[in-house]
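1. Build me a model:
(chains A, B, C, D and E, ligands or ions: 4)
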Amino acid sequence: MWEYLTDSFNWSGNEGIWARILEHLWYTFAALGLSVVIGLPIGLRIGHTRRGAFLAINLGNAARALPSLGLLMIAVLLTDQIGFLPVLVALVALGIPPILASTYAGLSGVDPATIDAARGMGMTGREILTKVEIPIGMPLIISGIRSATLQIVSTATIAALVSLGGLGRYVVDGLKLRDFPQMFTGALLVALLAIVLDALFALIGRITVSPGLKIG
Amino acid sequence: MTWIGDNLGLIWEQLREHLYLAIVPVILGLIISVPLGYVATRYSWLANPLIAFGGILYSLPSIALFIVIPAVLGTKVLSTVNIIVALTIYTVSLLIRNVIDGLRSVPPDVRQSAIAVGYGALHRVVAVDLPIAVPVIFTGLRVVTVANISMVSVGAVIGIGGLGELFTLGFQKDFLTPVVVGVVLSLTLALIADLILVSLQRILTPWARVATPVGEVA
Amino acid sequence: GGGGDQLGSDKAGDSPAPSKVTSITVGSADFSESQLLAEIYGQALAAKGIEVKKKPNIGNRETYMAAIKDGSVDLVPEYTGAALAYFDKNSTETDPDKAYDALRKALTPGLEVLDMSPAADEDTIVVTKATADKYSLKSLADLKPVGKDLVAGGSSEFKVRSAGLKGLKEKYGVEFKEYKTLDAGGPLSIKALTDNQIQVTNLFTTQAVIKDQGLVQLDDPENILPPNNIVPLIRTDHKSDDVVATLNAVDAKLTTDALTDLVKRIDVGKESADAVAKDWLSKNPLS
Amino acid sequence: MIEFEDVTKRYPDGTVAVDKLSLRIPSNQITVFVGPSGCGKTTSLRMINRTIERTSGTISIDGDDINGRDAVTLRRGIGYVIQNAGLFPHKTVVDNVATVPKLIGWDKRKAHSTAMELLERVGLDVKLAERYPAQLSGGQQQRVGVARALAADPAIMLMDEPFSAVDPIVRHQLQEELLRLQRDIGKTIVFVTHDIDEAIKLGDNVAVLRVGGKLAQFAPPAELLANPADDFVRGFVGQDRGYRALTFVHPEALPVQPLPDELALQDGVPLGWRNGSEELLPVGSVFKRGDSLRAALDAVLTSPTGCGVCVDDDGKAVGVIDQSTVAEALRS
Amino acid sequence: MIEFEDVTKRYPDGTVAVDKLSLRIPSNQITVFVGPSGCGKTTSLRMINRTIERTSGTISIDGDDINGRDAVTLRRGIGYVIQNAGLFPHKTVVDNVATVPKLIGWDKRKAHSTAMELLERVGLDVKLAERYPAQLSGGQQQRVGVARALAADPAIMLMDEPFSAVDPIVRHQLQEELLRLQRDIGKTIVFVTHDIDEAIKLGDNVAVLRVGGKLAQFAPPAELLANPADDFVRGFVGQDRGYRALTFVHPEALPVQPLPDELALQDGVPLGWRNGSEELLPVGSVFKRGDSLRAALDAVLTSPTGCGVCVDDDGKAVGVIDQSTVAEALRS
Ligand SMILES: Nc1ncnc2c1ncn2[C@@H]1O[C@H](COP(=O)(O)OP(=O)(O)OP(=O)(O)O)[C@@H](O)[C@H]1O
Ligand SMILES: Nc1ncnc2c1ncn2[C@@H]1O[C@H](COP(=O)(O)OP(=O)(O)OP(=O)(O)O)[C@@H](O)[C@H]1O
Ligand SMILES: [Mg+2]
Ligand SMILES: [Mg+2]
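-> Residues are numbered from 1 along each chain as shown, chains lettered A, B, ... in the order given. Ligands and ions are numbered 1, 2, ... in the order given. Okay, the predicted model is just below:
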């Protein structure tokens, strides 16, 4: 594996490691972005109104139970495409539940007394949401996005099963060819990427979460 | 639809294998996580590294883990042990956090009382800490069980995947039915397992679902 | 490639052929024809009173080879040329009989092949009718001037072996604009080809799709694609006389045309390999 | 003036929390709602800023029915302080206080400087301004809560058991500060507590509610102690109410007698009573001119000689009174 | 007797929570530790059952150094009650109470029946036995906590602010019940509180601690009120200490005067004072023979006529006393 990694030939070119990493990141962020766009508003709505929580949480759980491989295959067969779309569908289905659930948890965990105080001082529903609930729920919202990212990064390897690139290419090709160095390289890079992204979100958390929420 | 009728035997076989492959790791993972979590609460400097390490393990792509394991353990490539070990690793890496959180969720005054009435250290863990940690541990247990059930199918890529084999089988023939059957069954299995865990939790924690006393405003 | 040997434990060892086997595990690769053959072998052996376990759909060659080497399975249907390429990367045999002989010699100790069947399922490199017309393609050699404009696609293995890109480059001087890793003659490759996402792919001669879609098989004057007669690959420790007799009898009866028909029933008719195998055996009693 | 007219609140589950409550809350005074747990104090209070909507009846402020006004605007003009302060954990202390001014569109600079002034006013060190609530003690948090409620200079302040989560000593300080503050600001304050002592100490008027949300008595504290309306109020006001009532008896001037020789002084400050031996006996508690009869009686009761010492603002003894003088005052 | 000799506790971070404490806690009495927050009350208490280990000094029970004993066995012989009761949320009420008996190996039946008896004893309805703690009110939980601590009939009970989380009315009840219980069981009780009223009410002896873990005064409550050792104690004992001290003055027999005509009676029970008009004036609070001077004074102070009514156990008036009689008693 070390040989594989240190062979500069393997790093460059549009089949090289850098290209694969970029592809992998592209799949990840596209799927993550879409998951956020869908999951976040729903989570905010449910958390703010505290209505529909049961449904949303259970739907979220059910979605977690969807096997991504099967989903991917269904998406390929149904869309009759082998490109990016089916992969996106499978990854987004994976990304939404954690985002939805922790956004809801973040909002519903806000001390009722704080919301009471906000209402009592004349904040409108929207102001309560944007000035109180979201900032206070931020740590959990970020951690939801964070765990969605981890799952998407690691599952994006399956894109390679339906002809796409990304680091999964190494894992899948390595598997097919019983080329262990290549496969290990792929797996390791995925894990590394996950760690880096995780650190990135830790940083984002550090920036967006008020220091007041980190005391004690 | 006729495909289903013609292949009931196969479907049943894969369903059983799927269940086995998913559940055994949950049980093993629980058996490993609880003592590990306990140690991490005793030596609290261990907790964060353990949780972080769990996070890294969890981000290893499952396909890779499934293949690496026979190389590491020397098991046969088609042995179910590979899947079971891999999923056990995932289970522990997720569950460890819940076990630690659960043990930490014991209110300090309850722990104080337990010490003061004269429970020995180990006895206290078994008789007081663990029962109180059950709800938090079960939250994690439910997540890993569901995740395992969905992850088993990835094993199909290396030929041991329970219902996942229906996916590959259908996919090779450009044939939706087996894939849908596999997904639906896998989903159903996950939901039933979840339901069983919820019921089990209710049975184990009758105290956690009692009404708050009259006169107290929630 | 070739990392398979890391897993190839010598558990197969040099144990002598037994006089009798009571139980045998039949494996197959992850495509319909292999599954069908495994079913046929399995059902034939079961009819002889041997307990048969099935491990269908294990994966590609590299994967199931690891399984038969470590004893996870005892028997898989194989193809002479492809198997030879697996065990001996440098082989260049183009004659079926020579390939068969070379294969027997190249096998890892503990593994053996039985008699080769007249039925064969050759690798073939195809393009759509439209592509063939546009670039006037008839033979692989015709690809050389236009390869830079074309995208090829297929399995991970095709990309690296001599019966694939490597051979195309060395023997015909063909290089493509890009290679997309898809699957071995499976739905991804076919879909990609018909959607014109790729223009060249590797299929198998028994696949109905070739005829149905009017695909053009390119000639192979340099014989980079090996002969591929069907042959059972078996572990020596499961090679008893009755097993050998049964499988040889089955293989003798198989023909390429029959195989093409049967595979079509599975791929297009969505029948199960199990049922198709049973049907064929009932129509072709062994004795 | 805030007026309740036949106000009833029935919760969706059928609980009648407040039952035909009629009440006039005078402006620029502190009115305390007191009563046992669940008697509807919080509900009554929150109907004023419409964070709970009444079921029937009318609540009006200075004659205007509050239902005629936009709830959000109404609330911005009413300060609201609750137990544990309900501070925003993600904002610094000064930003917490500046919340309402910013909501109603003041510019940042002005909101900030007003907030800083208020922090000083409620007795908080301005060094704490940039801290977060989690870094403050309970008592400090409550002060921030009060400052926040005062920020937009509302005419009305609603306070729901604001001091009940802090320890007795801090609570005492907070009560004193509220009284001091009120002398400056003269808001209309509605204050909820279940502690009768707090009610008596703070209230210009006290409304005693009984469970079921009915008004049992509405009166100034002295009257409440002297004439409880019924057994419920009597029970609630508790034992020692005679003694407590002395708080409100301010005899014009108790006739003090000159300092006896037995009282040892240092620069005029009493040191102790001489009793022949080397050691002095303790002075006992002392009282000031103008203090209530309660303080005078306590001075008498704690003095080993039965003579209570009266001091001036500097703590210098100005005279003594004896038991019979107090008794005389009590009788009158 | 529990004896502290030069006991010091220094926490790993350097805080000295208890500093050279020496103290004798008499058997079969209630000893109260009182003092401001952080003065080391909890630390002192918990060193007794070794849930906190002292840094230096000796603590002995009936002459035996507790360090010579196995901590777990020691604890099983000492009852322990804390704020919020610290009940095991996953066990029913009766199982909570039966915990220690089961730990020390009693058979199940006996443990259960003992637990049921104890529940009755602490004034809990046995119907609550099968409930879980979350289904009880705070006061009920505290009663269970007391019952649990009593279950193995320990000679010593440690109680750390057991009643501080419940509302004042319930706290009053719990205090009364504890006193009643103690009359029956006569345990050695060490009780921690920061409420001086509670300390005075419950303690046979009161130890006042100051921050830094030093003993300021150790005395019976009457003496504490009469002779605070220093300014710290005086400040802590607070205002009204003269009045409070009257609690401990039980004049042998206050000379009562015959019932005056103005007192309206019904079957001997006082109804009110006649003042010429139709309506009666309220009676005021009443006192019993044998009550403290505090009760008598309050009766006088609350009576509109200045005459306090004395009643018997059935509530029937037996006589009145006037202001001057009380003043006389105060002087003596
Ligand atoms: N949202 C609600 N739904 C149903 N009943 C409620 C609700 N809020 C309060 N109640 C009930 O209304 C009654 C009055 O409640 P409220 O909170 O006003 O009492 P409170 O006097 O403030 O009590 P506390 O001293 O405990 O704060 C209680 O019986 C309570 O249980
Ligand atoms: N585990 C600990 N580590 C360091 N310091 C501690 C620890 N526990 C208590 N202290 C400190 O020791 C001192 C005494 O604490 P202790 O809990 O005994 O006080 P207390 O009198 O019970 O106070 P309270 O009335 O608030 O319960 C305090 O200054 C406290 O901060
Ligand atoms: Mg309330
Ligand atoms: Mg304490």
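
2. What are the buried residues along the strand or helix carrying residue A:27?
-> Using DSSP states H and E, residue A:27 sits in helix A:17-49. Neighbour-count burial for helix A:17-49 flags A:17, A:19-21, A:23-25, A:27-28, A:30-32, A:34-36, A:39-40, A:42-48 (criterion: 16 or more other C-beta atoms under 10 Å in any protein chain shown). C-beta coordinates here come from the backbone N, C-alpha and C atoms, glycine included.

3. right, and the helix or strand after that helix?
-> According to DSSP H and E, the helix or strand after helix A:17-49 is helix A:53-64.

4. what residues does that next one touch?
-> Outside of helix A:53-64, the residues within contact range by C-beta atoms under 8 Å, 6 or more residues apart in numbering or on different chains are A:42-43, A:46-47, A:93-94, A:96-98, A:100-101, A:104, A:108, B:142-143, B:146-147, B:150, B:187, B:190-191, B:194.

5. Now, the residues you listed that are in helices?
-> Among the contacts of helix A:53-64, DSSP state H puts A:42-43, A:46-47, A:93-94, A:96-98, A:100-101, A:104, A:108, B:142-143, B:146-147, B:150, B:187, B:190-191, B:194 in helices.

6. Check those residues one by one and keep those near ligand 2.
-> Among the ones in helices among the contacts of helix A:53-64, no residue lies close to ligand 2 (C-beta under 6 Å from any ligand atom).

7. Which of those are buried, as a ChimeraX select command?
-> A single ChimeraX command suffices to select whichever of the ones in helices among the contacts of helix A:53-64 are buried according to 16+ other C-beta under 10 Å:
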select /A:42,43,46,47,93,94,96,97,98,100,101,104,108 /B:142,143,146,147,150,187,190,191,194
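
8. In contact with the closest residue to residue A:132 other than its chain neighbours: list those residues for me.
-> What sits nearest to residue A:132 in space, not counting adjacent residues and going by C-beta to C-beta, 6 or more residues apart in numbering or on different chains, is residue A:118, at 4.8 Å. Residue A:118 is in contact with A:127, A:128, A:131, A:132, D:86, D:88, counting by C-beta under 8 Å, 6+ apart.

9. what is the orientation angle of the helix or strand residue A:118 falls within with helix A:17-49?
-> Residue A:118 belongs to helix A:112-120 when assigned by DSSP H and E. Helix A:112-120 runs at 70 degrees relative to helix A:17-49, counting by axes from the mean of the first three to the mean of the last three C-alpha atoms, to 10 degrees.

10. tell me which residues in helix A:112-120 are buried?
-> Buried residues in helix A:112-120, defined by neighbour count with 16+ other C-beta under 10 Å: A:114, A:115, A:116, A:117, A:118, A:119, A:120.

11. Specify which member of these is nearest to residue C:153.
-> Checking those against residue C:153 with C-beta to C-beta, the nearest one is residue A:115 at 57.1 Å.

12. Is the closest one in contact with residue A:131, as I believe?
-> No. The pair residue A:115 / residue A:131 is not scored as a contact, 11.1 Å apart, by C-beta atoms under 8 Å.

13. Wondering if the helix holding residue A:27 reaches chain B at all.
-> No. Judged by C-beta under 8 Å from any C-beta of the partner chain, helix A:17-49 makes no contact with chain B; its nearest approach is 10.8 Å.

14. Stretch D:75-90 now?
-> No. Contact of stretch D:75-90 with chain B (C-beta under 8 Å from any C-beta) is absent, the minimum separation being 12.5 Å.

15. Endpoint to endpoint, that stretch covers what distance?
-> Stretch D:75-90 has an end-to-end distance of 22 Å (C-alpha to C-alpha, to the nearest Å).

16. do you know how far residue A:114 is from residue D:258?
-> Distance check for residue A:114 against residue D:258: by C-beta to C-beta, to the nearest Å, it reads 60 Å.

17. Oops, could you answer that again for residue D:4 instead?
-> Taking C-beta to C-beta, one finds residue D:4 at 54 Å from residue D:258.

18. Neighbour count: those two, which is higher?
-> Neighbours were counted for residue D:4 and for residue D:258 using other C-beta atoms under 10 Å in any protein chain shown; residue D:4 has more, 22 against 8.

19. secondary structure element for residue 183?
-> Assuming you mean chain A. Using DSSP H and E, residue A:183 falls in helix A:180-208.

20. The intended chain is chain D.
-> Counting by DSSP H and E, residue D:183 is part of helix D:168-185.

21. average pLDDT for that helix?
-> Averaged across helix D:168-185, pLDDT comes to 87.

22. is chain E contacted by that helix?
-> Yes. Interface with chain E: helix D:168-185 contributes D:168, D:169 (C-beta under 8 Å from any C-beta).

23. Is that helix in proximity to ligand 2?
-> No. Helix D:168-185 stays clear of ligand 2 (C-beta under 6 Å from any ligand atom), getting no nearer than 10.8 Å.

24. which residues are in contact with that helix?
-> D:30, D:121-123, D:137-139, D:142-143, D:146, D:150, D:162-164, D:166, D:189, D:198, D:201-202, E:36, E:194-195.

25. ditto for stretch A:163-171
-> With contacts defined as C-beta under 8 Å, 6+ apart, stretch A:163-171 is touched by A:15, A:19-21, A:23-24, A:27, A:82-84, A:87, A:156-161, A:182-183, A:185-187, A:189-190, A:193, B:61, B:63-64, C:153, C:180-182, C:188, C:192.

26. hmm, which of those residues are the buried ones?
-> A:19-21, A:23-24, A:27, A:82, A:87, A:156-161, A:182-183, A:185-187, A:189-190, A:193, B:61, B:63-64, C:153, C:180-182, C:188, C:192.

27. Hmm, residue D:157 is touching residue D:150, no?
-> Yes. Counting by C-beta under 8 Å, residue D:157 touches residue D:150, with 7.2 Å between them.

28. residues shared between the contacts of the two?
-> D:79, D:187.

29. Are there helices or strands packed against the strand or helix carrying residue C:25, and which ones?
-> Element membership for residue C:25, per DSSP H and E: strand C:23-29. Strand C:23-29 sits against helix C:32-47, strand C:51-59, helix C:61-69, strand C:75-79, with contacts defined as 3 or more C-beta pairs under 8 Å, 6 or more residues apart in numbering or on different chains; DSSP states H and E.

30. quick one: residue D:298 and residue E:245 touch, right?
-> No. Contact criterion C-beta under 8 Å: residue D:298 and residue E:245 do not qualify, at 9.8 Å.

31. of the two, who's got more company?
-> residue D:298 (27 against 23).

32. give me every residue that touches that one.
-> D:285, D:287, D:308, E:239, E:240, E:241, E:242, E:243.

33. Can you tell me which of the residues you listed is nearest ligand 1?
-> residue E:240 (25.8 Å; C-beta to the nearest ligand atom).
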